[in-house]
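Asker: below: sequence and its predicted model.
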Amino acid sequence: MRILKGTIGQWGCVLLLLSSTNMAYPWGVGHRIITEAAVGAQPKELLDRWEELHRNIFHKEEESIRWYVENRFCGHPDWVDGPSRDEADLEERVRVTQFVYAEKNGKFLPPITYAGPDRLKWEGPRPKTYHYFTLQTEELNRQFALKGSKWYFEKISKAFRDEEDVIAAEYFGAIAHAIQDRVSPFHVWDGYKLQREAFEDGLAAHGLQTPEGSRNEKSINTSLFWSVGGKGMKATLKGYKPRSLGKTPEDASIEFTKRLFASREYAKSVYTDGDGFVHAHLADDWKEKGSSAETDSFLDLVATENAKLTADVLYTAFLLSK
């Protein structure tokens, strides 16, 4: 549940403004699993560069850049859009905003954190971050994907070219997170609410639309059936050779957008297979995010397919830097 805990006074006011209706269910460790596979498929030249050690001021660990990509940077959008348990991480949440694309009224605008002090200075709805594709139409979501990916290709490739490998890694981690959320069981329905409701209608007898089986215990909300964290899934790219998505950021963003929506369609086809994922997951304790080995085997399919796109994005940005 998205509850911000902070000091009394100003932060107490924010608590009153932010409600649990913003709660969402993340891919969980799925981001790490998919990112590890995607990074592992990269050419030796890139991997050697990312073996350099890095120390993040907030997290303190001295680890390789690659480790940070796989364990920290691939969570950047959640740091911008997520709640804070205490004030200790607020400075880092604001710092991370520079690596996340956002826009308002179709134009680029730096993001505002959900929990940080910059939120107190902002009036009205925050700029939409490149995180969830929840705009009203598919065309708007495609345009959002197109513009944001072009921005990331430009940022990542420039950072590589300038030998700012940590900066490149932070930008890549941010777009990787969005790519992966697009196919999570919960967010695969973003922008397709009516399709989700129609599918849930067919499974109402299994409790998908009961209060106890729905988000925030409101049957009108998304069913908890989709709140699978992905802890037991695997992404396997052994032998996969990443391919270029285009020779310019513009061309790459066009191909990326096609692939992103195709990845979403593939994930949806897996999650709506009555004899596959649905049959397996109905047997789980899905109201408590239960996920059996059989259920995880279907998540493996989605994770592996999505890891290829994630790998291709990094590979393309690296090529563009040359």
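Answerer: Arrived safely, thanks for sending.
Asker: could you report the distance from E255 to A176?
Answerer: Distance of E255 to A176, given as C-beta to C-beta, to the nearest Å: 17 Å. C-betas here are computed from N, CA, C, even on glycine.
Asker: ok, now which ones touch the closest residue to E294 other than its chain neighbours?
Answerer: The shortest distance from E294 to any residue other than its chain neighbours is 4.2 Å, reached at A280 (C-beta to C-beta, 6 or more residues apart in numbering). By C-beta atoms under 8 Å, 6 or more residues apart in numbering, the contact list for A280 reads 292, 294-295, 297-298.
Asker: check F99 too.
Answerer: F99 neighbours (C-beta under 8 Å, 6+ apart): 73, 76, 155, 170-171, 173-174.
Asker: the same query, at a cut-off of 7 Å, please.
Answerer: F99 makes contact with 76, 170-171, 174 under the criterion C-beta atoms under 7 Å, 6 or more residues apart in numbering.
Asker: which of those count as buried?
Answerer: Buried subset of these (neighbour count, 16 or more other C-beta atoms under 10 Å): 76, 170-171, 174.
Asker: ok so, going back, higher neighbour count, E255 and A176?
Answerer: A176 (30 against 16; other C-beta atoms under 10 Å).
Asker: so who does that one touch?
Answerer: 35, 38, 74, 310.
Asker: I figured A38 was touching A311, is that so?
Answerer: Yes - using C-beta atoms under 7 Å, A38 is in contact with A311, at 3.9 Å.
Asker: please identify which of those two sits among more neighbours.
Answerer: A38 (30 against 25).
Asker: now do the SS call for the more buried one.
Answerer: Classification of A38 using DSSP: H, G, I helix; E, B strand; the rest coil returns helix.
Asker: in contact with it, which residues?
Answerer: 176, 307, 310-311, 314.
Asker: between which two of the residues you listed is the distance greatest?
Answerer: A307 and L314 (10.7 Å; C-beta to C-beta).
Asker: tally of neighbours for the residue lying closest to I156 once chain neighbours are set aside?
Answerer: Of all residues not flanking I156 in the chain, A317 sits nearest, at 3.8 Å (C-beta to C-beta, 6+ apart). Counted with other C-beta under 10 Å, the neighbours of A317 add up to 27.
Asker: do N71 as well
Answerer: 18.
Asker: am I right that H54 is in contact with E61?
Answerer: No - the criterion here is C-beta under 7 Å, and H54 misses it with E61 at 8.8 Å.
Asker: between these two, which is the more surrounded one?
Answerer: H54 (20 against 13).
Asker: quick one: residues contacting G148.
Answerer: G148 sits next to 101, 130 when contact means C-beta under 7 Å, 6+ apart.
Asker: hmm, back to that, so which strand or helix has the residue nearest to I156?
Answerer: helix 293-320 (DSSP states H and E).
Asker: just the pLDDT at A88, thanks.
Answerer: Looking at A88, its pLDDT is 89.
Asker: neighbours of it, how many?
Answerer: 9.
Asker: distance check, it against D78.
Answerer: A88 sits 16 Å away from D78, going by C-beta to C-beta.
Asker: how about D275?
Answerer: 33 Å.
Asker: for the closest residue to F199 other than its chain neighbours, give me the backbone phi and psi.
Answerer: Nearest residue to F199, sequence neighbours excluded (C-beta to C-beta, 6+ apart): T272, at 6.0 Å. Per-residue torsions, T272: phi -110, psi 10 (degrees, to the nearest 10).
Asker: next: G28.
Answerer: The phi/psi pair for G28 (degrees, to the nearest 10) is phi 70, psi -140.
Asker: need the pLDDT of it.
Answerer: Looking at G28, the pLDDT reads 76.
Asker: quick one, helices of the stretch 201-322 of the chain?
Answerer: 249-271, 277-282, 293-320 (DSSP state H, counting those that start in this stretch).
Asker: oh, that last question was meant for the stretch 51-200 of the chain, not what I typed.
Answerer: 65-71, 76-81, 90-96, 138-161, 165-181, 193-201.
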